[in-house]
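Asker: let me see the structure of the following:
(one chain, ligands or ions: 1)
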Amino acid sequence: MDLKLNDPGLLRHQAFVNGEWLDADDQQTLDVINPANGQVITSVARCGTQETRRAISAAEAAQKTWKHYTARQRGDLLRSWFEVMLEHIDDLSRILTAEQGKPLAEAKGEIAYGAGYIEWFAEESKRIYGDTIAAPDSDKRIVCIKQPVGVVACITPWNFPNAMLTRKLAPALAAGCTVVCKPANATPLSAYAIAELARRVGIPDGVINILTGVTAEIGAEMTSNPVVRKLSFTGSTEVGKQLIEQCAATVKRTSMELGGNAPFIVFDDADLDAAVEGAMLSKFRNAGQTCVCTNRLLVQETIYDEFVQRFQKAMAGLTVGDGFAEGVTIGPLIDAGAAQDVRDFIDDAIAKGAIPITDASVTQGLADTFLAPVILTGATPDMRVFSDEIFGPVAPVFSFKDEKEAIELANDTDVGLACYFYTRDIGRIWRVAEGLEYGIVGINEGIISNPMAPFGGVKESGQGREGSRYGLDDYLEIKYMCMGGIDQ
Ligand code: SIN
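Answerer: So this is what the prediction gives:
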């Protein structure tokens, strides 16, 4: 595929280790495919255990000096990196759309969002505070300082190839950690492009290392190597659990941003236009492939038909197609297997009595990675769309009688990342927000992601928070120092 860039130097295909671009030891590569048309964009290094071990050693060596940079020095470098990312937003967006499929406008939004984490943590690096604590004896003093965790390993997903990486890299670097990253093999080019920009602004060699390749080998080295003190992962709950187990042997800290099953509750006193707008945004962003995408619409029975009618009208305004084409709002899913998984969800729901509302003609002539958006009316809790994360443009609509039932249905899941509800009643806002077992609650709002807010879930959606002032804590250790002999 001929990807036209203003700066072709951003399209890298080698691994980035200790400030150098390197092939895999055995020269093996893997193809990066455009999901909209199946074309190979380029091939990247297929690294394994040895290369990962070298990257970890590079990060260990670099950390010895990086941790002594002042907060301002680290912040200034991050700031330059943020600025250069925005300067190259057009190229970065094109790379992202080519490898991930999302519409170009959405890709641009992701680059700005991802860069926003770097800007945020460039500033937060100066706000790492310690404590003094009242001591139990008069000749003692207690002081707590915060220090970087050390070498951090990151594993990031294909749905946000830029922002999920910056959300980990920025706080790690701000805190004084160095990093080894494994982006998804499906979408490594965005990661390599921002590594190139980091190199250009002078982030020292070894502070950021990025490799692609044999996932099991890279993951096993990251989780077993004692030099790595922390693993940060964004991906499925299933893989997250395996990684936690693997990290147990060396007692690594972990941050896990795992799966969701977001309910979107519409009460009968809601502003229905606002609810439809919020549902469209939170359901169809990135073709439904985000962990915070609405998974289940729960609509009060008295307004069910009215809501579905308005939602259907809004859905008709979506345009499915290649992310590079003008006016497209829904791109392909990441691969044909992912699209088939979503079709299986639809078939299961229909077999159990759901009625689909869709226009199959919108995918005519497109690859089998494309799916027409679907509303499933008459959805019931025995369907897989109630219990499992769909990760596609499918909107099952369930009905509920009252507030109590809405909260029960919403909480009837093992995970708890994001949830949404619409109502104009102030008492209900507090009752429902407090009753929902989720880390993130959108109230009369369908878009909740931004660098200033703590992103993360409860239950099997993970542990830790990314973004916000809390985001630094995941990369800092507290050291307690007790000073004695003061009275002598
Ligand atoms: C995710 O899907 O994991 C993240 C989505 C977001 O940052 O909004």
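
Asker: quick check, pLDDT for the spatially most central residue of the chain.
Answerer: Centrality entry for the chain: nearest residue to the mean C-alpha point is residue 164, 4.2 Å, by C-alpha atoms, centre = their mean. What the model reports as pLDDT for residue 164 is 98.

Asker: check which helix or strand covers it.
Answerer: helix 163-175 (DSSP states H and E).

Asker: and that helix, how far out from the chain middle?
Answerer: Counting by C-alpha atoms, centre = their mean, to the nearest Å, helix 163-175 is centred 12 Å from the centre of its parent chain.

Asker: quick check: closest non-adjacent residue to the residue nearest to the centre of the chain.
Answerer: residue 156 (4.5 Å; C-beta to C-beta, 6 or more residues apart in numbering). Yep, even glycine has a C-beta here, placed from its N, CA and C like the rest.

Asker: again with residue 302
Answerer: Nearest in space to residue 302, with sequence neighbours left out and distances taken as C-beta to C-beta, 6+ apart, is residue 268 at 4.7 Å.

Asker: sticking with that neighbour, tell me its helix or strand.
Answerer: Here residue 268 is assigned to no helix or strand, by DSSP H and E.

Asker: in contact with it, which residues?
Answerer: Going by C-beta atoms under 8 Å, 6 or more residues apart in numbering, residue 268 touches 300, 302, 303.

Asker: now the longest helix along the chain: buried residues?
Answerer: Longest helix of the chain, by residue count under DSSP state H: helix 104-124. For helix 104-124, a neighbour-count test (16 or more other C-beta atoms under 10 Å) marks 104, 106-122, 124 as buried.

Asker: other SSEs contacting the following helix or strand past it?
Answerer: Where DSSP H and E defines the elements, the next helix or strand beyond helix 104-124 is strand 131-133. Helices and strands in packing contact with strand 131-133 are listed as strand 141-148; criterion 3 or more C-beta pairs under 8 Å, 6 or more residues apart in numbering; DSSP states H and E.

Asker: name the residues that touch the strand it packs on?
Answerer: Contact with strand 141-148 is made by 63, 67, 128-135, 175-177, 475-483, 486, as judged by C-beta under 8 Å, 6+ apart.

Asker: can you list the residues that contact whichever helix or strand comes after it?
Answerer: Next in sequence after strand 141-148, counting helices and strands by DSSP H and E, comes strand 151-155. With contact meaning C-beta under 8 Å, 6+ apart, strand 151-155 is reached by 56, 59-60, 63, 165, 168-169, 172, 177-182, 219, 222-223, 227-235, 243, 475.

Asker: swap in stretch 316-323?
Answerer: Contacts of stretch 316-323 (C-beta under 8 Å, 6+ apart): 36-37, 97, 100-104, 106-107, 284, 327-332, 359, 362-363, 366, 370-373, 393.

Asker: quick one: buried residues of it?
Answerer: Quick answer for stretch 316-323 (16+ other C-beta under 10 Å): 318, 320, 321, 322, 323.

Asker: how about the residues of the stretch 251-400 of the chain by the ligand?
Answerer: With C-beta under 6 Å from any ligand atom as the criterion, the stretch 251-400 of the chain meets the ligand at residues 257, 290, 291, 292.

Asker: mind checking which of those residues land in strands?
Answerer: Of the positions in those, residue 257 sit in strands, assigned by DSSP state E.

Asker: and the two most separated of the residues of the stretch 251-400 of the chain next to the ligand?
Answerer: Using C-beta to C-beta, these span at most 11.2 Å, a distance reached by 257 and 290.

Asker: more neighbours, the two?
Answerer: residue 257 (27 against 20; other C-beta atoms under 10 Å).

Asker: pLDDT score for the closest residue to the more buried one other than its chain neighbours?
Answerer: Leaving aside its sequence neighbours, residue 257 sits nearest to residue 234 (C-beta to C-beta, 6+ apart; 4.2 Å). At residue 234, the model reports a pLDDT of 98.

Asker: residue 488 now?
Answerer: pLDDT, residue 488: 74.

Asker: and it, how many neighbours?
Answerer: 5.

Asker: thought residue 121 was touching residue 171, still the case?
Answerer: Yes. In this structure residue 171 lies within contact range of residue 121 using C-beta atoms under 8 Å: 4.9 Å.

Asker: overlap in contacts of these two?
Answerer: In contact with both residue 171 and residue 121: 471, 472, using C-beta under 8 Å, 6+ apart.

Asker: other SSEs contacting whichever strand or helix holds residue 478?
Answerer: Assigned by DSSP H and E, residue 478 belongs to strand 476-483. Using 3+ C-beta pairs under 8 Å, 6+ apart, the elements in contact with strand 476-483 are strand 141-148.

Asker: list the buried ones in the strand it packs on?
Answerer: Buried residues in strand 141-148, counted by 16+ other C-beta under 10 Å: 146, 148.

Asker: what strands line up against it, and which way round?
Answerer: Partner strands and pairing direction for strand 141-148 (DSSP bridges) are strand 131-133 (antiparallel), strand 476-483 (antiparallel).

Asker: what mean pLDDT does the first one have?
Answerer: So the one you mean is strand 131-133. 97.

Asker: okay, helices next: where are they in the stretch 301-450 of the chain?
Answerer: Secondary structure of the stretch 301-450 of the chain (DSSP state H, counting those that start in this stretch): helices located at 304-315, 336-351, 384-387, 403-411, 426-435.

Asker: most tightly packed of these?
Answerer: Mean neighbour count (mean count of other C-beta atoms under 10 Å) peaks for helix 384-387 among the helices of the stretch 301-450 of the chain, with a mean of 20.

Asker: which parts of stretch 434-448 are buried?
Answerer: Quick answer for stretch 434-448 (16+ other C-beta under 10 Å): 436, 437, 438, 439, 440, 441, 442, 446, 448.

Asker: just the ones of these in strands?
Answerer: The strands, defined by DSSP E, take in 440, 441, 442 from the buried residues of stretch 434-448.

Asker: check contacts around whatever residue of the stretch 351-488 of the chain ends up closest to the ligand.
Answerer: Here the stretch 351-488 of the chain gets closest to the ligand at one residue, residue 449, 3.2 Å apart by C-beta to the nearest ligand atom. Residue 449 makes contacts with 113, 292, 455, as judged by C-beta under 8 Å, 6+ apart.

Asker: and residue 456, by the same measure?
Answerer: Residue 456 neighbours (C-beta under 8 Å, 6+ apart): 257, 417, 439, 440, 462, 463, 464, 465, 466.

Asker: which residues does the first one bridge with?
Answerer: So the one you mean is residue 257. What pairs with residue 257, by the bridge criterion (DSSP bridges), is residue 234, residue 462.
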